[in-house]
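In: I need the structure of the sequence given here:
(one chain, ligands or ions: 2)
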Amino acid sequence: MLSQLCTKFRSTSYNLATVSKNITMPSTPRRTFFLPGDNNGPVGLYNDRDYWKGKGFVLDENAKKALEEYIAIQSKTYDSLEKKYGVSADLWRNADYRLIADQRPPIKVAVTGVAGAIGYALLWRIASGSLFGPTVPVSLHLLELPAILPKVKGVEMELRDSAFPVLKDIVITDNAEKAFEGVDYALLVGAQPRTAGMERADLLLKNAEIFATQGKALNRAAKGKDTRVLVVGNPANTNALIAQRNAPNIPPENFSAITRLDHNRGLAQLKLKTGATLNDIEKFVIWGNHSATQFPDVSYTLINGKPAREVLNDDNWVEKTFIPCVQKRGAEVIAARGSSSAASAASALIDGTRDWHYGTQNKWTSAAVYSNGEYGITKGLYFSYPVIYQGKKATIVKDLQISEYQREKLKATEKELLQERDGVAKHLPN
Ligand code: NAD
Ligand code: LMR
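Out: Numbers count the residues shown, from 1 in each chain. Ligands and ions are numbered 1, 2, ... in the order given. Below is the predicted model of the structure:
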């Protein structure tokens, strides 16, 4: 498969725009591979049919550079890589990713609440290279409550004992400013989780204080427009709003709350129901709040290129089973596990961060991003939309037809977000 791709690329003089139009790949299961990329490191590319067959998609700059490098590697023209990165041709020739990683500047990632359940699953994915790839070093900035720092020491020992080649430094602190000093990404996980019988609204005030404080610290210590903040701690959308309103130096577009877990849950249910591969399902969207009012919407979804409603041919299942299942999955996991989802949440956060960094190559995903009033939603809320990431920017998919049925569902979840916003008004200074 890879050698076929290379042959294609070479035969088109590395003209990637042409390449993407010309290639028709056979249907294969999705597989991710990493390529040494631009200064930010390797790019995750999917050698799946949809990615390559070129239905008008555009490769973003990172992906183009990575492909050029991939071609250089395949064509054994390592000198160009040496020139570009100052990393010797020999290392590229031997695909010695460990040594390449040693010579690059690290991406700094702050993670809060690292002694918790999500933190434990998340840190290993970041440090092993499954977030940015095997040639990109990372520095982890770990923030926890003072009383929990001894436990974090244990986490640090285990991280170091894992001997991950891309793990450059670890900073441990209970001081938010120190944790956010110069970071590229801040993954705000630390917060109290919901327990059985509790609604997300109950957490609102308990956790608001944390995000106001951390917003202020991000404002003072992070890299302004070059820092991206992903909020996981619940209620995630409103916590993102609180953090952003306390961080005027960072553009509101650089904040996001994770609804990728809901998105992944929806995809998983569609796969189970239809037998389609995940690769065959596109244009699924989660609208609104990361809560039971969210709207998992299959109105635009295509399964093997056909409208999902036609393929499913079972509106009753969509309304009575699918939508409630995705909306209430968090509570269902809590009831079954006795604690809230952790590994799947970490995985969703990895997916969402990687997409932001490397782009989705024109594919839709879902994320709660800053609303500028799109689809009639109140400006300033963090609302989950269909988004495409490109060039480290999230763009909301525009001009979709919205039916009365959809409008009602969007309004219901917006209403909840407005109530949450009003409930934390004292933490929204700007
Ligand atoms: P956990 O209780 O296992 O861990 C939370 C950690 O955060 C604890 O170690 C705690 O000491 C730490 N913490 C609390 N306040 C902090 C602060 N001010 N600074 C730094 N650390 C702090 O919880 P968890 O299971 O890891 O979940 C974390 C959060 O993520 C919860 O709010 C949970 O509801 C939420 N969550 C969100 C999603 C999502 O998709 N958005 C999914 C699952 C869980
Ligand atoms: C989830 O969706 O699993 C988490 O947000 C936990 C919760 O409280 O539902």
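
In: contact residues of the stretch 151-300 of the chain facing ligand 2?
Out: 194, 200, 234, 261, 290 (C-beta under 6 Å from any ligand atom). Using the backbone N, CA and C atoms, a C-beta is placed for each residue, glycine as well.

In: surely the third one meets residue 290?
Out: Yes: the pair residue 234 and residue 290 passes the contact test of C-beta atoms under 8 Å, sitting 7.1 Å apart.

In: so for the two, which residue has more residues nearby?
Out: residue 290 (29 against 26; other C-beta atoms under 10 Å).

In: for residue 428, see how far away the more buried one is.
Out: Taking C-beta to C-beta, to the nearest Å as the measure, residue 290 and residue 428 are separated by 19 Å.

In: same check on residue 210?
Out: Counting by C-beta to C-beta, the separation of residue 210 from residue 428 is 15 Å.

In: pairing partners for the host helix or strand of residue 229, with directions?
Out: Element membership of residue 229 [criterion: DSSP states H and E] is strand 228-231. When sheet partners are counted by DSSP bridges, strand 228-231 sits next to strand 185-188 (parallel), strand 255-257 (parallel).

In: tell me which helix or strand comes right after the shortest one.
Out: Going back to what we said before, that points to strand 255-257. Moving on from strand 255-257 towards the C-terminus, the next helix or strand you reach (DSSP H and E) is helix 260-274.

In: residue of the stretch 151-300 of the chain nearest ligand 1, please.
Out: Using C-beta to the nearest ligand atom, the point where the stretch 151-300 of the chain gets nearest to ligand 1 is residue 190, with a distance of 2.8 Å.

In: revised request: answer the last question for the chain.
Out: Counting by C-beta to the nearest ligand atom, the chain gets nearest ligand 1 through residue 116, at 1.9 Å.

In: tell me the SS of residue 109?
Out: Using DSSP: H, G, I helix; E, B strand; the rest coil, the structure places residue 109 in strand.

In: the nearest residue to it once chain neighbours are set aside: neighbour count?
Out: In space, and not counting its chain neighbours, residue 109 is closest to residue 185: 4.8 Å by C-beta to C-beta, 6 or more residues apart in numbering. Burial measure for residue 185: 23 neighbouring residues, criterion other C-beta under 10 Å.

In: for residue 372, which non-adjacent residue is closest in space?
Out: Spatial nearest neighbour of residue 372, excluding adjacent residues (C-beta to C-beta, 6+ apart): residue 379 at 5.8 Å.

In: list the contacts for that neighbour?
Out: Each residue near residue 379 by C-beta atoms under 8 Å, 6 or more residues apart in numbering is listed here: 371, 372, 373.

In: got phi/psi on it?
Out: Main-chain dihedrals, residue 379, degrees, to the nearest 10: phi -60, psi 140.

In: pick out the residue of this structure closest to ligand 2.
Out: Checked against ligand 2 (C-beta to the nearest ligand atom), the nearest residue in the chain is residue 330, 2.2 Å away.

In: wait, is that residue part of a strand?
Out: No: the assignment for residue 330 by three-state DSSP gives helix, which leaves it out of any strand.

In: where does pLDDT dip in the chain?
Out: For the chain, applying pLDDT under 70 flags the ranges 1-75, 92-98, 100-101, 200-201, 430.

In: again, 80 this time
Out: Residues of the chain that meet the criterion pLDDT under 80 lie in 1-78, 80-104, 134-135, 193-203, 361, 430.

In: so in it, which helix runs the longest?
Out: The single longest helix within the chain, with elements called by DSSP state H, is helix 200-221.

In: helices or strands next to that helix in the packing?
Out: Helix 200-221 is packed against helix 176-180, strand 185-188, helix 236-245, helix 404-423, with contacts defined by 3 or more C-beta pairs under 8 Å, 6 or more residues apart in numbering; DSSP states H and E.

In: can I see the domain layout of this structure?
Out: 2-99, 105-256, 260-427 (automatic domain parsing).

In: comparing those, which comes out most buried?
Out: Ranked by mean neighbour count, the domains of the chain are led by domain 105-256 with a mean of 21 (mean count of other C-beta atoms under 10 Å).

In: what is the end-to-end distance of it?
Out: For domain 105-256, the first and last residues are 25 Å from each other (C-alpha to C-alpha, to the nearest Å).

In: and what of stretch 182-192?
Out: Stretch 182-192 has its terminal residues 26 Å apart, counting by C-alpha to C-alpha.

In: then stretch 129-140?
Out: Chord length of stretch 129-140, first to last residue, is 12 Å (C-alpha to C-alpha).

In: who touches the most centrally placed residue in the chain in this structure?
Out: The geometric centre of the chain, computed from its C-alpha atoms, lies nearest to residue 352 (C-alpha atoms, centre = their mean), at 0.6 Å. Listed by C-beta under 8 Å, 6+ apart, the contact partners of residue 352 are 230, 256, 258, 260, 365, 367.
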